[in-house]
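Trainee: Provide a 3D model corresponding to the input given below.
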Amino acid sequence: MYQYISFCFADKVFKSLDIDEIANTLVSGGTKEEFRKIYQEKIESWKVKDVKFCITGGSRTGKSSFINAITGCQKGQKGFATVSVYGDTTNKAACYTHPKHSKFQLWDLPRFGTVQHKSEGYVNDMEFTKFDYVLIFFDVISENDIWLAKQLKRLMKSFCFVRSKLDQDITNEMQHDCNTIACNIRTKALGDLEKEQISGVDVFVISSADTTIGNFESLINHMENNLDEGKYAAVIYSLASISKPVIGEKFKVLHKRISMIAVVSMLFKDDREITTHSRSDIILTNLKNEIMFYINTFELTPPVVQKLMEHSTFQMRDILCRSGEEIKKIVKNSLESKNEKIFSFPQMPSLFRESEILLNTILVGLQNDALYVFGQLPTFKGKVVEQENISISNV
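Mentor: Next comes the predicted model:
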């Protein structure tokens, strides 16, 4: 009985191979080059793609707070967007580079329709054509908001409206039914847009202070639908793990990598004469790098985990806060417990299957650990670090 693996990304199937013939096909030059091309395009492209978000709208609409929620920066840290209760703090376009991914930029634009920034020329002056995604922040839909929406439609730009102070709305309404409040605000805003003959535009009611309430998950889904796959991956990998929906999206995007990673980890520049020891070291290094990427993406870094480790049971306790070499050893022991000769060339199909199972098990465990940390430390922020530029070796 043949077993098949399919490499599916979005709605396109790139390759189906008989898993029992992997050992033969992996040493075929053409097949290796095809795998590498797909891998670079679908798995690694997020590292090199520029992602530019535009954050615009009226004063005191929560733009700076949203930027800080996305970057995970706190007051006093480099990249923190100043939040003021006195009105506009943005007199000119300000670029905030995400601390975990240098190619992900959030541009905070000044309010327009003022003496300093008149509507005429605003779209050209602020170079809206360079942005991948535009978020218009509002308290009440204004004439300026309507005008900008029409300009963005003319430019065929992906954009949405965001009301970002749901937590304050709940307090002001003196009730705790956040869903009803969010629905009422959203319905009113959509009605205002419809009156101005602006259709097909989404409105999201969120709280930058508490992303567990409101439409934050729907906003993330809107980004997914309006960004190409590589750019969306860059956004998700970079986001602070600030809510269950974000952690869930990270899991979804990471899970799509597993089959490809398992295969690519076994591609070699050398031929089938490579020694079993060399082969095992290359494969283990690649699998270790992938696991460390999961840990960094979920922000399960030592400052976070060590704070809870003494009083908590983590599902992935054995690999958290471990060195790369220690993780390699754990992976090696796990795979060899299934088959002591699993790294020999004839066992490549078995190695693929077991590697895929192991990565999936670890990813599920790390997601659960991230959800636990989120629940236990809602206000604790780990040190923001640049995503490591980890790549598959010897590919």
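Trainee: so what touches the helix or strand containing L335?
Mentor: Counting by DSSP states H and E, the element that carries L335 is helix 324-336. Contact with helix 324-336 is made by 280, 284-285, 287-289, 291-292, 318-319, 322, 342-343, 351, 354-355, 358, as judged by C-beta atoms under 8 Å, 6 or more residues apart in numbering. The way it works is simple: take the backbone N, C-alpha and C, and place the C-beta from them, glycine included.
Trainee: are any of those buried, and which?
Mentor: For the contacts of helix 324-336, a burial check counting by 16 or more other C-beta atoms under 10 Å picks out 280, 284-285, 287-289, 291-292, 319, 322, 342-343, 351, 354-355, 358.
Trainee: between these, which is nearest Q376?
Mentor: I319 (19.2 Å; C-beta to C-beta).
Trainee: which residues in this structure form strands?
Mentor: 4-9, 12-18, 51-57, 94-97, 104-108, 133-137, 159-163, 203-205 (DSSP state E).
Trainee: for the second one, give the mean pLDDT please.
Mentor: Across strand 12-18, the average pLDDT comes to 41.
Trainee: what does the third one give?
Mentor: Here the mean pLDDT over strand 51-57 is 96, rounded to a whole number.
Trainee: over to the fifth one?
Mentor: Here the mean pLDDT over strand 104-108 is 96, rounded to a whole number.
Trainee: name every strand pairing with it and say which way it goes.
Mentor: Here strand 104-108 is paired, per DSSP bridges, with strand 51-57 (parallel), strand 94-97 (antiparallel).
Trainee: now do the buried residues in the last one.
Mentor: This means strand 94-97. Under 16+ other C-beta under 10 Å, the buried positions of strand 94-97 are 94, 96.
Trainee: could you do stretch 179-187 as well?
Mentor: 181-182, 185-186.
Trainee: name the nearest of the residues you listed relative to P110.
Mentor: Using C-beta to C-beta, these come closest to P110 at I185, 25.0 Å.
Trainee: how much space separates K130 from I206?
Mentor: Using C-beta to C-beta, to the nearest Å, K130 is found at 25 Å from I206.
Trainee: of these two, who's got more company?
Mentor: I206 (24 against 11; other C-beta atoms under 10 Å).
Trainee: hang on, the earlier thing: between the strands paired with strand 104-108, which gets nearest to T71?
Mentor: The closest of those to T71 is strand 94-97. By C-beta to C-beta, the value is 6.4 Å.
Trainee: hmm, back to that, ok now the helix holding L335, how far from the chain's centre?
Mentor: 27 Å (C-alpha atoms, centre = their mean, to the nearest Å).
Trainee: pull it out as PDB, backbone CA atoms only.
Mentor: In PDB, the C-alpha atoms belonging to helix 324-336 read as follows (Å, rounded to 0.1, in the frame of the first residue of the first chain):
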ATOM      1  CA  GLY A 324      20.700  23.800  20.900                       C
ATOM      2  CA  GLU A 325      22.900  20.800  21.500                       C
ATOM      3  CA  GLU A 326      20.700  19.600  24.300                       C
ATOM      4  CA  ILE A 327      17.700  19.800  22.000                       C
ATOM      5  CA  LYS A 328      19.500  17.900  19.300                       C
ATOM      6  CA  LYS A 329      20.300  15.100  21.800                       C
ATOM      7  CA  ILE A 330      16.600  14.900  22.900                       C
ATOM      8  CA  VAL A 331      15.500  14.700  19.300                       C
ATOM      9  CA  LYS A 332      18.100  12.100  18.500                       C
ATOM     10  CA  ASN A 333      17.100   9.900  21.400                       C
ATOM     11  CA  SER A 334      13.400  10.200  20.600                       C
ATOM     12  CA  LEU A 335      13.900   9.200  16.900                       C
ATOM     13  CA  GLU A 336      16.300   6.400  17.700                       C
END
